[in-house]
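Student: how would this look folded up:
(2 chains)
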There are 2 protein chains.
Amino acid sequence: MKIIRVDMAAGKITNQEVVPAFIGMGGRGLTSFYVNKEVPPKCDPLGPENKLVFAPGFLSGSSLVNSSRFSIGAKSPLTGGIKESNVGGTVAVDMASIGISAIIVEGLPEKNRSYILKVDKEGNAVLLDAGGLWGKRTYDLVKSIKETHGENHSITCIGPAGEMQLSAASIQSTDMDGRPCRAAGRGGLGAVMGSKGLKALVVEKTKGKSTQIQDLEAFKSSAKIFAQAVMKDEFSSEVLPALGSAVLVEPINAAGAFPTRNARQGQFEDADKISGETMAQVIKSRGGKTTHKGCSGCIINCSNEFVDEKGTYVTSSLEYETIWSMGGMIGNNDLDAIATLDFLCDDIGLDTMSTGVAIAVAMDAGYKAFGDAKAAIEMVEEVATGSDFGKIIGHGPARVGKHFNNDRVPVIKGQSIAAYDPRAIQGMAVTYATSPMGGDHTAGWVVESNLEAFGGTLDPFSAKGQVEVSRNAQLHMAVVDTVGICDFAQTGFGAPDGLENVCKMIRAKSGKPFSAEDWNTTGKKIIRIELEFNKNAGFTKELDRLPKMFYEEPLPPHNKVVVISDEEMDTTFNF
Amino acid sequence: MKIIRVDMAAGKITNQEVVPAFIGMGGRGLTSFYVNKEVPPKCDPLGPENKLVFAPGFLSGSSLVNSSRFSIGAKSPLTGGIKESNVGGTVAVDMASIGISAIIVEGLPEKNRSYILKVDKEGNAVLLDAGGLWGKRTYDLVKSIKETHGENHSITCIGPAGEMQLSAASIQSTDMDGRPCRAAGRGGLGAVMGSKGLKALVVEKTKGKSTQIQDLEAFKSSAKIFAQAVMKDEFSSEVLPALGSAVLVEPINAAGAFPTRNARQGQFEDADKISGETMAQVIKSRGGKTTHKGCSGCIINCSNEFVDEKGTYVTSSLEYETIWSMGGMIGNNDLDAIATLDFLCDDIGLDTMSTGVAIAVAMDAGYKAFGDAKAAIEMVEEVATGSDFGKIIGHGPARVGKHFNNDRVPVIKGQSIAAYDPRAIQGMAVTYATSPMGGDHTAGWVVESNLEAFGGTLDPFSAKGQVEVSRNAQLHMAVVDTVGICDFAQTGFGAPDGLENVCKMIRAKSGKPFSAEDWNTTGKKIIRIELEFNKNAGFTKELDRLPKMFYEEPLPPHNKVVVISDEEMDTTFNF
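Tutor: Sure, this is the predicted structure:
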């Protein structure tokens, strides 16, 4: 396995053998390791010293199902700290199958120069002038690239938002149908890619190849056990294919934890109009796809294709977090508008969550009325124009808050919360506050231990046990993001000896010992690396806090505030 | 002497006796003491917990010449730290003569309510609805207030920028001619006043009254010695009256220390077109005033009245820092345009320095060409419109830099440098970097020890001795700003036993012992208070640094960078 280094200043590409710093290093573990090792923590995230690291998960490109997560790391222009954001689609499998552990993009190009980085199926990389591709939105971009280079490529790219180096800019990647609809949304990594003048990473697909495995038979046998567990679990085999992640709308709303109208309420009275059930019905009645395979090796098919009344494609995949950020959070009950907003964000290259919350903060300040879907669409379109206001929106909620003097800005370390109000699920308060990634839900999703409907046993309004479940979830997830297993396929851990079975695959791939204890140690190692970077960047414990609104404004209908004390918060990473 | 507390939430006014925390407490010493004591350091500067403190200098309202500085303190929305900004004019003398040591404005008013605070000559304060005054620019505002309340008032107020709570908003105060042309410009204190819904502080003038002095005879005798020294000094008795502070243009430019075109050069090729000499000539030829008394008790008359070709008033007073920020810094050699920009900033309520540097950063990013005076005027006018771009400019250079992705932003702790490039006067690097006030020149002006033309003996390009002179200047200035003596009247310290003579006045006023050693101790006390607030607000040593451009880009014509090491910087306040 090799690392490709791309020096944008010199236009030079070099290869090096990867020397893993720990067993199982790939994905997030790899990006965080290199960012911490090579990026000056106090550097300008958009300057020459930052590096953008692309890395497939350690198990990507293998026969393991749902292991096609693609990690992207850098110092974040949104949080000012270390960032890893991962995306599905096809690129991770293609890159891993070619034998590439990572691509590290360094330096800044000459002014006004822009490039695409093309990697062929032999693993040869070349920088090509982006020419007329610069300026394109992602759907059009992907079309043009395929016209020139052929259909057979995974394309990971930025839209106008990334080119403008906006802090809410995403990096989009193509799905199984070749659409740039899957997003590494968080942390503004699209802006880093834009600063490097890199419009797209184009990786040739390699049918038949797969990543190198030391003990293929052992691997296959464990992979089979994992797949069986995924298929046996009702959630991953029935609920997700039928309703997608949008299945969460109803139970989270029922729990009063669905942040509505910039988190002034915990329940949206029109939640039923935008629920997974309603969405599935709408899609079906119009002839779209409720069950759709978005990523290589996926056996869950949680993706969907949302179509309009005429049956024409609008977007894929409409997901829970977007239905929240562009729905309840802005008081919008129009599912069609949500789908349009999702498409626009993918096309312009924007994080749907940061952008929706930015719109919510603007509406909360009185700029437009909550629920004005037309205004929301106009705001997102305006980002693409590069107007002054468009840039303010595109920089995310904190910038919008400053613009309107609205201090009700639900961000931590500059990054917005997700679709779980921390006042009604206190464990999420811990994750949001302490994750080295800033406000983030995937870093430590503890909804299932908090809500009875999910089998939770903790009191969601009490501090008791919350730090511990968040800590454990964050440590576990750091390794999941490192091996590259999809969050929804974690039901595969439900196999008998589930964790040990996954460790077997890490052993089989690496040819080195790796126990369940190593799994835990690896989680700590990765989190420590990330905390070290942030500390050196100047982060203090005082950034591990939620905004005042969550401590001071009781959230209807339960009228609770966050009760995790600062002292408890500070024990989260006490190892 | 009393303190008036104004609770904007309850609309309630209370009086309390002032209990000085140290001898000589007034002005900056008083504002910093109360801000540190009463404002939660991590609070939102525009929220209900911040307090705005107005305080005349300790010696204001006495027979001492040039002691009419008026300190305004709060947590700054620009720097996030403690802030004191002081202004001349007439209000300090009027307030001190009534027997008021400070006015502390607390809380936030009900939404959409705004007020003026009127204090009559008996010291009775009352909140009046601002009504139609809200929204007015300062010149028009002052006219309206005088029509209603009579000519005989000192008016301290905000313009539209303060109402909009922009981070570069100033607080303007009326001069001897009743014009709102004197500015407490720095730190965005106008935004704090705006957040409190306070449009103006209106203080009735009290002819004949003066502040209470314990030993009047002793005071008078020292005040006379001080005044004689001011009048004997060539700089304060001849140069300043003739040319104003603009006299600095030529020597600072000659030293290669005049930051030009967003500090890309240290010399402006057209400096002679905007120099003090040229300005005086222009004003004279048009029948304006080169010598003008701006502040109560002033015997220097460094102020001026700039008029247009028809002899019509344009602005007062055109000063060095503005000639720099709206001249060389934006590459503008048009003195008439500079005068217009100065007037507009006063009228809209903007710091000329932060605003000029904000324009410079925008021009540096390619938004408009350097030297485009028309564009600069349009940008300042746009601030008043409240447009998106106007607000970006009005929030100062850092916000503009983010908007344009331009990291050449000459700010420290969010506040811009002044008209002395730290690469050509290394002592100013220390003051800019370490002052608790953020980038600030008055906090420790060490030009005279650096430049030979001013009698300086230090090498301006070397680190040697710079930390010490800056430390001493900052400690001294903290007390000067506390007693309320004008910076330009510091020539009064040139009297035989100059410092001891000033201490005599502090003794005479307070009736308590106060030695030259106490002067030094008091300086340390005040700086310590300010550092304590900033530390509790989360400031670290790492904020005591200049932006990268000053360490990395050699400044023509001397092609030097800042050479003060971080370690040396950190010894500045080692007491």
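Student: what does chain A put close to chain B?
Tutor: Contact residues (Cβ under 8 Å from any Cβ of the partner chain) of chain A with chain B: A:42, A:44, A:46-47, A:164-165, A:195, A:387-389, A:391-392, A:395, A:399, A:402-403, A:405, A:407, A:538, A:540, A:542, A:548. Where C-beta positions appear, they are placed from N, C-alpha and C, glycine not excepted.
Student: mind listing which of these are in helices?
Tutor: A:195, A:388-389, A:391-392, A:399, A:402-403, A:548 (DSSP state H).
Student: Turn those residues into JSON lines, columns for neighbour count.
Tutor: JSON lines is the format used below for those (neighbours: other Cβ atoms under 10 Å in any protein chain shown):
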{"residue": "A:Ser195", "neighbour count": "24"}
{"residue": "A:Asp388", "neighbour count": "17"}
{"residue": "A:Phe389", "neighbour count": "20"}
{"residue": "A:Lys391", "neighbour count": "25"}
{"residue": "A:Ile392", "neighbour count": "25"}
{"residue": "A:Arg399", "neighbour count": "25"}
{"residue": "A:Lys402", "neighbour count": "23"}
{"residue": "A:His403", "neighbour count": "23"}
{"residue": "A:Lys548", "neighbour count": "15"}
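Student: Just the pLDDT for A:Lys209.
Tutor: What the model reports for A:Lys209 is a pLDDT of 87.
Student: And for the one 10 residues further on?
Tutor: With respect to pLDDT, A:Phe219 has a value of 98.
Student: Just after whichever strand or helix holds it, pick out the following helix or strand.
Tutor: Secondary structure assignment for A:Phe219, by DSSP states H and E: helix A:216-232. Downstream of helix A:216-232, the next assigned helix or strand under DSSP H and E is helix A:234.
Student: Using PDB, list the CA coordinates for the next helix or strand after that next one.
Tutor: Per DSSP H and E, helix A:234 leads on to helix A:240-243 as the next helix or strand towards the C-terminus. C-alpha atoms of helix A:240-243 as PDB (Å, rounded to 0.1, in the frame of the first residue of the first chain):
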ATOM      1  CA  LEU A 240     -33.400   1.200   6.800                       C
ATOM      2  CA  PRO A 241     -34.100  -0.200   3.300                       C
ATOM      3  CA  ALA A 242     -37.800   0.800   3.600                       C
ATOM      4  CA  LEU A 243     -37.500   4.300   5.200                       C
END
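Student: Tell me how many other residues surround the residue of the stretch 1-150 of chain A found nearest chain B.
Tutor: Chain B sits closest to A:Asp44 of the stretch 1-150 of chain A, with a gap of 5.3 Å, by Cβ to the nearest Cβ. A:Asp44 has 15 neighbouring residues, counting by other Cβ atoms under 10 Å in any protein chain shown.
Student: what residues are up against it?
Tutor: A:50, B:407, B:548 (Cβ atoms under 8 Å, 6 or more residues apart in numbering or on different chains).
Student: And for A:Ile529?
Tutor: Residues near A:Ile529 by Cβ under 8 Å, 6+ apart: A:32-33, A:36, A:82.
Student: Check A:Gly371 too.
Tutor: A:Gly371 makes contacts with A:330-333, as judged by Cβ under 8 Å, 6+ apart.
Student: Which residue ranges of the stretch 301-450 of chain A form strands?
Tutor: Listed in chain order, the strands of the stretch 301-450 of chain A (DSSP state E, counting those that start in this stretch) span residues A:303-307, A:313-315, A:411-412, A:415-416.
Student: got the buried residues for the second one?
Tutor: To tie it back to what came earlier, the one meant is strand A:313-315. A:314-315 (16 or more other Cβ atoms under 10 Å in any protein chain shown).
Student: Mind listing the strands that strand pairs with, and their directions?
Tutor: strand A:303-307 (antiparallel) (DSSP bridges).
Student: cool, the third one as well?
Tutor: Using DSSP bridges, strand A:411-412 pairs in its sheet with strand A:415-416 (antiparallel).
Student: Which elements pack onto the helix or strand where A:Glu250 lies?
Tutor: Per DSSP H and E, A:Glu250 falls inside helix A:249-254. Here helix A:249-254 touches helix A:276-286, helix A:320-325, going by 3 or more Cβ pairs under 8 Å, 6 or more residues apart in numbering or on different chains; DSSP states H and E.
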